[in-house]
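Q: Give me a 3D structure for the following:
(one chain, ligands or ions: 1)
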Amino acid sequence: MPIEPAALLMSRSSSGEQVQTMKITRICAYQVDLPLVEGRYNWSGGKFVAVFDSTVVAIHTDSGLTGYGEVCPLGPFYLPAYAAGARAGILELAPDLLGEDPTQISKLNRRMDALLLGHPYVKSALDMACWDLLGKAAGQPVCVLLGGRYQDSVGLYRAISQETPEVMASRVGEYRAEGYRRFQLKVGDEPHRDIARIRAAAAELGPGDRLIADANTGWLMHDAMRVIQAVSDLDVYIEQPCRSYEECLSVRRHCRHPFVLDESVDSLEMLLRGHADGAMDVVNLKISKLGGLTKARQARDLCASLGIAMTLEDSWGGDIVTAAISHLAVSTPPELLFTTTDFNSYLTVSTAEGAPRRVEGRMSASTAAGLGVTPNWDVLGSPVIDLRS
Ligand code: MG
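A: Numbering: from 1, shown residues only. Below is the predicted model of the structure:
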């Protein structure tokens, strides 16, 4: 829905013509707990999360428009990111962003990078909120601004929490009944148990289904080689077997399965290196791992140009992250979108209205201006950060 023209402030440029401007007047952050429908989520090395700690950002402007973003690390031990760190970083950046124009997003990203070196996840929710504002100001959904709506809906994968082989195999059937056709098994445990998990899950697949064994860095190289050799007869993707890029590359060079890199690829530099080395067939791009939608789009467009298929998602999140993922995913050329995800369907609470809801294993991106989400203020409560100019 286009906004009222009165919502945009007009000012005179140096050459005298009228230009639209917008200034950030207030930045708020909200802490919200996101419990899981299934109780907990387990992955490699005994790591698990029972309640996700998410941060929602609201950027208010002098135009009367407000933009929303979210960042939710997968616990403090998945990537170099943790929930309290996201809030500490937002508090560090926010005073210097007051007065900036949130619709000049590349410029604002350079400002954030100049103020705080690294810490991409800290900048993700702020950048996401700026895209929401740009969409609202332009009267366009974010997916249009990210390049265009290629598809009305996109196919989702379902992550299968690490359990016994029998339980994980039964989950494939349950999630298939919900419409999912991509199944990401959480492995990265003892090789003999992981081999049993992959074999049991593969036996449940239907025509056209895809199975991904995601070790989340949990294997040493010799473990990875044993698992890969033991499932050589199966149609399965291998994702991020080992901790370092070099270990993964070594495994990749002995592996005939399609290969996905995730944790190792956190920058354009790593993407270019992986491409030059032939290190992956598919790359997993997470919005907050790269530093927001601006940098995720840059990586996405580079992958599209290089012919690298992508899983587009985030580390975790609720409704606002899911909305941002949906806009990134539908604006990606379909043949290059390997899969994407709907984190909000894993959760017991809804933090915003207007977010995508899974239908037959697929989700759509909103047609409303911006991300298309309206926070549920009764769930978010009072802000933990509230800075005004
Ligand atoms: Mg992964």
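Q: hey, let's count contacts and neighbours off CA atoms from now on
A: OK.
Q: Backbone dihedrals for the nearest residue to Gly218 once chain neighbours are set aside, please?
A: Once flanking residues are discounted, Gly218 sits nearest to Gly188: 4.2 Å by CA to CA, 6 or more residues apart in numbering. With angles defined as degrees, to the nearest 10, Gly188 sits at phi 80, psi 30.
Q: Let me know whether Gly188 touches Leu220 as I believe.
A: No - Gly188 is not in contact with Leu220 according to CA atoms under 8 Å; the separation is 9.2 Å.
Q: who's more crowded, those two?
A: Neighbour tally, Gly188 and Leu220, criterion other CA atoms under 10 Å: the higher count belongs to Gly188, 27 against 16.
Q: now for the longest helix seen in the chain, which elements pack on it?
A: Looking across the chain with DSSP state H, the single longest helix is helix 120-138. Here helix 120-138 touches strand 51-61, strand 66-71, helix 83-97, helix 105-115, helix 142-145, helix 287-290, helix 293-306, going by 3 or more CA pairs under 8 Å, 6 or more residues apart in numbering; DSSP states H and E.
Q: on that earlier part again, quickly list what's touching both of Gly188 and Leu220.
A: Common contacts of Gly188 and Leu220 (CA atoms under 8 Å, 6 or more residues apart in numbering): Pro241.
Q: returning to what we had before: got the angle for the longest helix of the chain vs helix 105-115?
A: With axes from the mean of the first three to the mean of the last three CA atoms, to 10 degrees applied, the angle from helix 120-138 to helix 105-115 works out at 150 degrees.
Q: ok now helix 120-138, how far from the chain's centre?
A: Taking CA atoms, centre = their mean, to the nearest Å, one finds helix 120-138 lying 14 Å from the centre of the chain it belongs to.
Q: now the angle between strand 66-71 and that helix, please.
A: Interaxial angle, helix 120-138 versus strand 66-71 (the same axes, to 10 degrees): 150 degrees.
Q: Low-confidence stretches in the chain?
A: Per-residue confidence for the chain (pLDDT under 70) gives these ranges: 1-19.
Q: can you tell me which residue is nearest the centre of it?
A: Asp314 (1.6 Å; CA atoms, centre = their mean).
Q: That residue against Ile320, yeah?
A: No - taking CA under 8 Å as the definition, Asp314 is not a contact partner of Ile320, at 11.1 Å.
Q: can you tell me how far Leu261 sits from Gly139?
A: Here Leu261 is placed at a distance of 36 Å from Gly139 (CA to CA, to the nearest Å).
Q: Neighbour count for these two, which is higher?
A: The residue with more neighbours, out of Leu261 and Gly139, is Leu261; 29 against 16, by other CA under 10 Å.
Q: gap between that one and Leu98?
A: Going from Leu261 to Leu98 by CA to CA gives 37 Å.
Q: So in terms of bridging, what pairs with Ala309?
A: When bridges are called by DSSP bridges, Ala309 pairs up with Val282.
Q: what about it, how many neighbours?
A: Per other CA under 10 Å, the neighbour tally for Ala309 reads 22.
Q: Pull the contacting residues for it.
A: Listed by CA under 8 Å, 6+ apart, the contact set of Ala309 reads Asp281, Val282, Val283, Cys303, Glu335, Leu336, Leu337, Phe338.
Q: Between those, which sits nearest Ala86?
A: Nearest to Ala86, judged by CA to CA, of the contacts of Ala309 is Val283 at 24.5 Å.
Q: In contact with that closest one: list those residues for me.
A: If you count contacts by CA under 8 Å, 6+ apart, Val283 has them with Val260, Leu261, Asp262, Val265, Ile308, Ala309, Met310, Thr311.
Q: and the residue nearest to the third one when sequence neighbours are not counted, what helix or strand is that in?
A: The one in question is Asp262. Computed as CA to CA, 6+ apart, the closest residue to Asp262 that is not its neighbour in sequence is Asn284, at 4.7 Å. In this assignment (DSSP states H and E), Asn284 forms part of strand 282-286.
Q: I'd like the distance from that strand to the chain centre, please.
A: Here strand 282-286 shows a centroid-to-chain-centroid distance of 9 Å under the convention CA atoms, centre = their mean.
Q: same deal with stretch 155-168?
A: Relative to its parent chain, stretch 155-168 has a centroid offset of 19 Å by CA atoms, centre = their mean.
Q: Also stretch 220-238?
A: On the basis of CA atoms, centre = their mean, stretch 220-238 sits 27 Å off its chain's mean C-alpha point.
Q: next one: stretch 380-389
A: How far stretch 380-389 lies from its chain's middle: 24 Å, per CA atoms, centre = their mean.
Q: And it, end to end?
A: One end of stretch 380-389 to the other measures 23 Å (CA to CA).
Q: oh, and call the first residue 20 from now on, that's how I've got it
A: That works, and once the first residue is 20, the last one we named lands at stretch 399-408.
Q: ok, and for that stretch, which residues are buried?
A: Using 16 or more other CA atoms under 10 Å as the test for burial, stretch 399-408 gives Leu399, Pro402, Ile404.
Q: ok, the last one touching Thr74?
A: Going back to what we said before, that points to Ile404. No - applying CA under 8 Å as the test, Ile404 and Thr74 come out as separate, 10.3 Å apart.
Q: hey, what's in contact with both of those two?
A: Both Ile404 and Thr74 are in contact with Ala48, Tyr49, Arg106, where contact means CA under 8 Å, 6+ apart.
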